[in-house]
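Q: give me a model of this one.
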Amino acid sequence: MSAVGLKVGVISLGMSCQSSAQIRTHVPLLSRLTGDDALKKSAMPFDNIICRPDSAASMLQADTFYPDDPNALLESEGARWPDFGVYFWHEYRLHKHHVLEFITRRLNTRRAYRELSGKYAHLAGKFRQARQLERLVFVISNSQNNLSMYGAEPDIDPALTAAGVELLCDACDAYIGRPCEYVLATYEARLTGEVRRKHLTVFKLTPDASDWEGDPAQWRDVFEQYFAP
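A: Here you go, the predicted structure:
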């Protein structure tokens, strides 16, 4: 989940679930730090997908968050959208013991697409409405440890470049229509290049032992340092 209030939005831009999970965990802290008492959990399009910054930038530039054509999706431990290099890892979880016959599988796949497209149409609408908020802070991270298990899949590499992250920030600013704020949480070994972009703050985390969730204590420090008066 991301977090949205009356004036402030703290919203995940990926590249995986850890950003949104840590925002969700720290909603009470973020409410206090931002001074927005109405801040609460709110689902957004990038919360639970796996995509690199250039993929997210392409989605924003095209103003599209899911394919119009179900044939554009490939079933791959969830669904993969190769046109944009996106993995809907939590969608298309078909019950394989119910889809032994081809026709039954087709029906399940059609239902899965209806659910995915309906969900992301709704989330896209919420993301567009966030333009109305006074302050938008977008959170990006590649510190989810199990991202390395997706390295054999097309399009997914947990290592980022400063230029790629800055490209995403530029695309998001253009989409929102004004300069926004960006927080990048990463590991030293997963970021190359020097970030020089205004309104983009980088935090280097120490690798932790979690599977995907991340270290809440380190993320608490990130938020406290970033939002410190």
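Q: the closest residue to Cys180 other than its chain neighbours bridge partners, please.
A: The shortest distance from Cys180 to any non-neighbouring residue, by CB to CB, 6 or more residues apart in numbering, is to Leu136 (4.4 Å). All C-beta spots, glycine's among them, are computed from the backbone N, C-alpha and C. Note on Leu136: beta-bridge partners Gly9, judged by DSSP bridges.
Q: so Phe227 sits right up against Asp36, yeah?
A: No - Phe227 is beyond contact range of Asp36, at 10.8 Å (criterion: CB atoms under 8 Å).
Q: for the residue most central in space within the chain, which residues are in contact?
A: Using CA atoms, centre = their mean, the residue of the chain that lies closest to the mean C-alpha position is Gly14, 2.5 Å off. Counting by CB atoms under 8 Å, 6 or more residues apart in numbering, Gly14 makes contact with 46, 49-53, 56, 140-141.
Q: can I get those residues in CSV including pLDDT, neighbour count and distance to Pro67?
A: Output for the contacts of Gly14, formatted as CSV (pLDDT from 0 to 100; neighbours: other CB atoms under 10 Å; distance: CB to CB, whole Å):
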residue, pLDDT, neighbour count, distance to Pro67
Phe46, 97, 27, 16
Ile49, 92, 28, 13
Ile50, 92, 25, 16
Cys51, 92, 24, 13
Arg52, 92, 25, 18
Pro53, 95, 24, 20
Ala56, 96, 27, 15
Ile140, 97, 25, 23
Ser141, 96, 29, 25
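Q: what's the closest of those to Ala209?
A: Ser141 (16.7 Å; CB to CB).
Q: tell me the contacts of that closest one?
A: By CB under 8 Å, 6+ apart, the contact set of Ser141 is 14-16, 18-19, 22, 184-186, 214.
Q: which one is it nearest to, not counting chain neighbours?
A: Ala185 is the one closest to Ser141 (CB to CB, 6+ apart), at 4.1 Å.
Q: same question for Leu123.
A: Once flanking residues are discounted, Leu123 sits nearest to Pro45: 4.4 Å by CB to CB, 6+ apart.
Q: the one you found: what secondary structure?
A: coil (DSSP: H, G, I helix; E, B strand; the rest coil).
Q: quick one: contacts for it?
A: With contact taken as CB under 8 Å, 6+ apart, Pro45 is in contact with 59, 65, 120, 123-124, 127.
Q: dump the residues you listed to a markdown table, plus secondary structure, pLDDT and distance to Ala72.
A: Converted to a markdown table, the contacts of Pro45 look like this (DSSP: H, G, I helix; E, B strand; the rest coil; pLDDT from 0 to 100; distance: CB to CB, whole Å):
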| residue | secondary structure | pLDDT | distance to Ala72 |
| --- | --- | --- | --- |
| Met59 | helix | 97 | 13 |
| Phe65 | coil | 97 | 13 |
| Tyr120 | helix | 96 | 13 |
| Leu123 | helix | 98 | 18 |
| Ala124 | helix | 97 | 16 |
| Phe127 | helix | 98 | 20 |
